[in-house]
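Undergrad: Sequence first, predicted coordinates after that:
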Amino acid sequence: MASTIDYGNLMHRAMRGLIQQVLTNVQKDGLPGQHHFFITFDTMHPDVEIADWLSDRYPGEMTVVIQHWFDNLDVTNEGFTITLNFGDNPETLYIPYDAIKTFVDPSVEFGLRFETQDDEDDADLAEVAEAPMDEMVEPDDDNDTPKEAEVVSLDQFRK
């Protein structure tokens, strides 16, 4: 039996379960209303599967947008596969949940950010956050201008 409760890993698992449930619902019913997602992930994660030209162009991390057009969304317990359009060039990506750094739905000002040991001394601390959208992606047109974000840190609840 462990001598401490690993809250960081428990939170990560719960938040990844939330992402899995949301994507499972989208797979089944499509995106409801104005919902859309910005998902930033580690392109160097050993289980990520993307085209070579994408990993060359985005050697550390990449943000994808699931909004107007996507195809072949397949959600599993470990990650998801999706086909997205990159300049009229459809590409299939496999993104494991462990590779996700941020998951944001700006239509409702909701987001999750995963911290790692490299990012912070307190390993695996998860923050519920609305990431600054202008740093993540450039909107496709003026109607998709992202909203400003508020970060809520779990640090305030630590003892």
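TA: Looks like it arrived, so ask away. Residues are numbered from 1 along each chain as shown.
Undergrad: Who are the contact partners of residue 62?
TA: 40, 41, 43, 50, 54 (Cβ atoms under 8 Å, 6 or more residues apart in numbering). The C-beta positions use only the backbone N, C-alpha and C, and glycine is treated the same way.
Undergrad: Please apply the same query to residue 108.
TA: residue 35.
Undergrad: By average pLDDT, which secondary structure element in the protein comes out worst?
TA: Every helix and strand of the chain was ranked by mean pLDDT, DSSP states H and E. The lowest is strand 126-129, at a mean of 36.
Undergrad: So which residues of the chain form helices?
TA: Per DSSP state H, the chain carries helices over the ranges 7-29, 52-57, 133-136.
Undergrad: Out of the ones you listed, which is closest to residue 65?
TA: Among those, helix 133-136 comes nearest to residue 65, with 9.1 Å by Cβ to Cβ.
Undergrad: isn't residue 24 right up against residue 73?
TA: No. In this structure, residue 24 is not within contact of residue 73 by Cβ atoms under 8 Å, at 9.3 Å.
Undergrad: Strands along this structure, start to end?
TA: Using DSSP state E, the strands of the chain run over 37-42, 61-66, 71-75, 79-85, 90-96, 100-105, 110-114, 126-129, 151-152.
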